[in-house]
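> Got a sequence here, can you model it:
(one chain, ligands or ions: 1)
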Amino acid sequence: MNGFPVGILGTGMYAPERRLTNQELETMVETSDEWIVSRTGIRERRIAAPEQATSDLAYEASLKALAAAGISADQLDLIIVATITPDMFFPSTACILQEKLGAKKAAAFDLSAACSGFIYGLANAAGFIATGAYQYALVVGADCLSRITDYTDRNTCILFGDGAGAAVLGRVPEGRGFRSFELGADGSGGELLNIRGGGSRLPASEKTIAERNHYIYMNGREVFKFAVRVMGNAAEEALRKAGLGKEDIDLLVPHQANIRIIQSALERLNLPEDKCLINVDRYGNMSAASIPVALAEAVEEGHVREGDRLVLVGFGGGLTWGASVLVW
Ligand code: ACO
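Numbering: from 1, shown residues only. Okay, here's the model as predicted:
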């Protein structure tokens, strides 16, 4: 990366209290704990309380990230919220969060790149800081997927959960921080994973509701194949750009969609499981929140030491993918 060295100064995460277990899902759709665990690795996921929206989850995670960074909200120059479940169409969830935090001087916008959104957000914020335009940025990945999940569709409802993760970015000493970003998209795969209704193409109507077009549609098998391919490719490309090899990775922080996708990435990168943060069993897929929640847990649990080389990698609807190499 050119410009001033930029890194993560503090992380934070928040997951709602309510747990939705596989056993409970067995009472809702034709499925079994055995099927879900063997095909996905998921045992439970968190569900936001009725009065909680995405900005509320984002707010809790942001407070922790700001405290960890030792930065107050009014020092922030920029807030980016990566989400596919904004509180509402507009104003952006980032603007709602800006007001909640009292981050008066921060510019604020949302970013839509589904599960890759947090890495897209990091790349954006790092660019602003590397050029000297901004000093501190808050990047949040937050999603309430339970609000767009069809709990009569066993193909999808077992996968998703709610949560938020946040990171404060700023300048770091030379040799530390982000070394590379690899972002990509393939719009031709947009039909594999989407919400068809409620936008300008198919505005919300009684018909769209009756046809359940306001819920996530997913072709799981095709998304799985795509994920296995791009996770390895993106991580390897980010390493190449950083001038590092697979053997240099101290910790992999992957998107948490399915344990089998994570395992295939580990195989491709020749990494043992203990060099990877895995929490998909406890949270399921939280879309943009998965990577920052995993990162915040890795930091909290002491899995990240100064000088460690981390690879963050994810994929999602769009289709999109993203990876980053950073030195902690
Ligand atoms: N319980 C029991 N059986 C089920 C369930 C369930 N919950 N869901 C599907 N099945 C059945 C299917 O109907 C199918 O039956 P059939 O063969 O009679 O048609 C059978 O199980 C096998 O289905 P597959 O789709 O082949 O199962 P697979 O092993 O591929 O696992 C899964 C499905 C878990 C969805 C997997 O494909 C996957 O993880 N895909 C990737 C999903 C993903 O990562 N999405 C991320 C993006 S999310 C975002 O961006 C917001």
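
> which SSE is the closest residue to C276 other than its chain neighbours in?
Using Cβ to Cβ, 6 or more residues apart in numbering and skipping residues adjacent in sequence, the residue nearest C276 is L252, 4.5 Å away. Where you see a C-beta, it was placed from the backbone N, CA and C, and this is true even at glycine. Per DSSP states H and E: L252 is located in strand 251-254.

> got it, and E267?
Element membership for E267, per DSSP H and E: helix 259-268.

> Just the mean pLDDT for that helix, thanks.
Per-residue pLDDT over helix 259-268 has a mean of 96.

> What of stretch 237-244?
Here stretch 237-244 scores 98 as its mean pLDDT.

> for stretch 272-290, same thing?
For stretch 272-290, mean pLDDT is 97.

> Endpoints of it, how far apart?
For stretch 272-290, the separation between the terminal residues is 20 Å (Cα to Cα, to the nearest Å).

> Give me the distance from it to the chain's centre.
Distance, stretch centre to chain centre, for stretch 272-290: 10 Å (Cα atoms, centre = their mean, to the nearest Å).

> How about that stretch, which residues are buried there?
276-280, 282-290 (16 or more other Cβ atoms under 10 Å).

> now do stretch 67-84
So stretch 67-84, judged by 16+ other Cβ under 10 Å, has buried residues 68-69, 71, 73, 75-84.

> With stretch 191-202 instead?
Counting neighbours by 16+ other Cβ under 10 Å, one finds that the buried residues in stretch 191-202 are 192-198.

> What parts of the chain come near the ligand?
When proximity is defined as Cβ under 6 Å from any ligand atom, the chain approaches the ligand at 31, 35-36, 39-40, 114-115, 154-155, 158, 193, 218, 220-221, 223-224, 227, 257-258, 285, 287, 316-317.

> can we see that at 8 Å?
Within the chain, the residues that sit near the ligand (Cβ under 8 Å from any ligand atom) are 25, 29-32, 35-36, 39-40, 84, 114-115, 143, 145, 154-160, 193, 216, 218, 220-221, 223-224, 227, 255, 257-258, 260-261, 285, 287, 315-317.

> among those, which are in helices?
Among these, DSSP state H puts 25, 35-36, 39-40, 154-157, 220-221, 223-224, 227, 260-261 in helices.

> I'd like to know which of those are buried.
When those are checked for burial by 16+ other Cβ under 10 Å, the buried set is 25, 36, 39-40, 154, 156-157, 223-224, 227, 260-261.

> Quick check: the farthest pair among these?
Farthest apart among these by Cβ to Cβ are L25 and A227. That separation is 22.1 Å.

> could you show me where the strands are in the stretch 101-250 of the chain, in order?
Secondary structure of the stretch 101-250 of the chain (DSSP state E, counting those that start in this stretch): strands at 107-111, 137-144, 162-171, 177-185, 193-194, 217-218.

> okay, and for the stretch 1-150 of the chain, where does confidence drop off?
Filtered on pLDDT under 70, the stretch 1-150 of the chain yields no residues whatsoever.

> Pop the domain breakdown of the protein in here.
Taking automatic domain parsing as the reference, the chain has its domains at 6-174, 178-327.

> Isn't the residue nearest to C276 up against Q263?
No. Taking Cβ atoms under 8 Å as the definition, L252 is not a contact partner of Q263, at 11.4 Å.

> Compare the two and say which one has the larger neighbour count.
Counted by other Cβ atoms under 10 Å, L252 and Q263 do not tie: L252 has more neighbours, with 25 against 15.

> residue closest to the middle of the protein?
Closest residue to the average C-alpha location of the chain: A288 at 2.6 Å, with Cα atoms, centre = their mean.

> Can you give me the distance of that one to F315?
Using Cβ to Cβ, to the nearest Å, one obtains 12 Å as the distance from A288 to F315.

> Quickly list what's touching both of those two.
Residues touching both A288 and F315 (Cβ atoms under 8 Å, 6 or more residues apart in numbering) are 115-116.

> residue contacts, the residue nearest to N270 when sequence neighbours are not counted?
Nearest residue to N270, sequence neighbours excluded (Cβ to Cβ, 6+ apart): K246, at 5.3 Å. By Cβ under 8 Å, 6+ apart, K246 lies in contact with 236, 239, 269-271.

> Kindly recompute the last result at 10 Å.
Counting by Cβ atoms under 10 Å, 6 or more residues apart in numbering, K246 touches 232, 235-236, 239, 252, 268-271, 311.

> do V29 as well
150-158.

> where does the closest residue to Y151 other than its chain neighbours sit relative to T31, distance-wise?
Nearest residue to Y151 in three dimensions, chain neighbours excluded: C157, at 4.8 Å (Cβ to Cβ, 6+ apart). Taking Cβ to Cβ as the measure, C157 and T31 are separated by 9 Å.

> And for Q135?
Applying Cβ to Cβ, the value for Q135 to T31 is 49 Å.

> Likewise for I47?
17 Å.

> Of those two, which one has the most company?
Taking other Cβ under 10 Å, I47 and T31 do not tie; I47 has more neighbours (23 against 17).

> Surely the more buried one touches D143?
No. Checked against Cβ atoms under 10 Å, the pair I47 and D143 is beyond contact range at 12.0 Å.

> Thanks a lot, catch you later.
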